[in-house]
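Visitor: Provide a 3D model corresponding to the input given below.
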Amino acid sequence: MSLAGVSRLGRKPIKKTLRHIAVFIVIVIVLYFLLPKLVDMQKTITLLTHASYVLLAGAVVLQSLAVLSYANLTRFILNVLDIRLRLLDVLAITLSSLAVSHVLSAGGVGGWVVTYNALRKRGSPHGLIFVAIAAQQFFNYAVLWFFFALALIWLVLARGQSIAGYLAGIVLIGLILWLTIYGIYLYNHRSRMRRRVTQLAHLVNRVMRREAIKERHIDGWLDNLFAGMRRMTSHRGAFRKTTVLACGLWFFDMLCLYAVFLAFDYRLGFGYLAVGYAVAYGIGTLAPTPGGLGAVEGILIALYVSFGVPSATAVAVVLVYRLINFWLPIPPGFVAYLVVKPGRRPIAEGEIEQAAAEVCEMAPPGVSPVEAPPQGDTT
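Guide: Numbers count the residues shown, from 1 in each chain. All right, here's what the predicted structure looks like:
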């Protein structure tokens, strides 16, 4: 490749990063400078100056417990997969991945990369890391979407809201449930799953007009998934404990929001609080911004105002809550990043296939090899 071609390739990531930073700055300006001016600015300032700093400190403690629950969830999954790390190390990796995902990536992809590289640097097997990250995200979002479904049902039935108003959310839940059931079906019919995943990867690459998903790695990724999930399901009580820890993350975070409401001397019914929270995060996490920035705030404010919260109070509470929830973990997260030093390196040729072999070698006694499909797979 010519020097000019190399130069153009080097400029593309820089331009993309600068574009993300520009969008990020615009969202911050709209949220924290323009939004308060759309409501009673004077009242918002008065609320901020008269807030209870003791309760706000309590909100920070609750948010710390949410992050600790997240780190414990990750650590427990790693322990199930026979990756032993101290809680302090896992907490540092968790904070650094949160900081990166809050600033540099949509959908948390940047955080996953940090976690992967940090664990690889500590000698963890490739395949088990893939399964650990997948399991962590699955349990987090399974809990969130379950509460999101309950919240939509409550809005329609208890408040008499129009079903049409929440039709998109209902359709989305139905789609997710169908995908979950179909995913379980494919997991139990593995050769068919390999075909479907390969077809999906081919479609994505055609749409994006580049090899976004390396199709030659698909068999290796699926082998990692099958072997790792076999380890998860063979561990007694693993699903129950991971679900409890995932609930801890969302529960403590929601209590943080509740404490901020109390700090502004407003008592919102816990049912309204939970419904607004579940709907905002259920939809906001799908937004193409880091950590759902902008979407989560907008939905929270809109829902709480519709529940009768004064607009100035809703704006003040949500912005301060997101200051604690979204922004506060970033500085210690980047300090943790310097400690963790995950580094960055591309996946080498044959690395994923080697990872699958490593996982097979570490499989628990009595477990069949990766390629042996579950009973009933005749396709």
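
Visitor: how many other residues sit next to Leu78?
Guide: Neighbourhood size, Leu78 [other Cβ atoms under 10 Å]: 23. For the C-beta atoms, the positions are set from N, CA and C on the backbone; glycine is no exception.

Visitor: cool, the one 5 residues further on as well?
Guide: Applying other Cβ under 10 Å, we find 18 residues neighbouring Ile83.

Visitor: is it true that it touches Phe130?
Guide: No: counting by Cβ atoms under 8 Å, Ile83 does not reach Phe130; the two are 11.9 Å apart.

Visitor: so what's Gly333 up against?
Guide: Gly333 makes contacts with 95-100, 102, as judged by Cβ atoms under 8 Å, 6 or more residues apart in numbering.

Visitor: which one among these gets closest to Asn205?
Guide: Checking the contacts of Gly333 against Asn205 with Cβ to Cβ, the nearest one is Val100 at 25.9 Å.

Visitor: List the contacts of that closest one.
Guide: 110-111, 113-114, 333, 337.

Visitor: 7 Å instead, please
Guide: 110-111, 114, 337 (Cβ atoms under 7 Å, 6 or more residues apart in numbering).

Visitor: And for Val197?
Guide: With Cβ under 7 Å, 6+ apart, Val197 has these contacts: 218, 222.

Visitor: Ok, Ile176 next?
Guide: Contacts of Ile176 (Cβ under 7 Å, 6+ apart): Trp145.

Visitor: Next, work out how far apart it and Gly183 are.
Guide: Going from Ile176 to Gly183 by Cβ to Cβ, to the nearest Å gives 10 Å.

Visitor: Test my guess that Gln63 contacts Cys256.
Guide: Yes: if you go by Cβ atoms under 7 Å, Gln63 and Cys256 touch, sitting 4.5 Å apart.

Visitor: buried ones in the longest helix along the chain?
Guide: If you go by DSSP state H, the chain has its longest helix at helix 126-157. Neighbour counts using 16 or more other Cβ atoms under 10 Å place 126-136, 138-141, 143-145, 147-149, 151-152, 154-156 of helix 126-157 among the buried residues.

Visitor: likewise stretch 226-238?
Guide: For stretch 226-238, using 16+ other Cβ under 10 Å, the buried residues are 226-228, 230-232, 235, 238.

Visitor: hang on, the earlier thing: most neighbours, which of the contacts of Gly333?
Guide: Within those, most neighbours by other Cβ under 10 Å means Ser97, with 28 neighbours.
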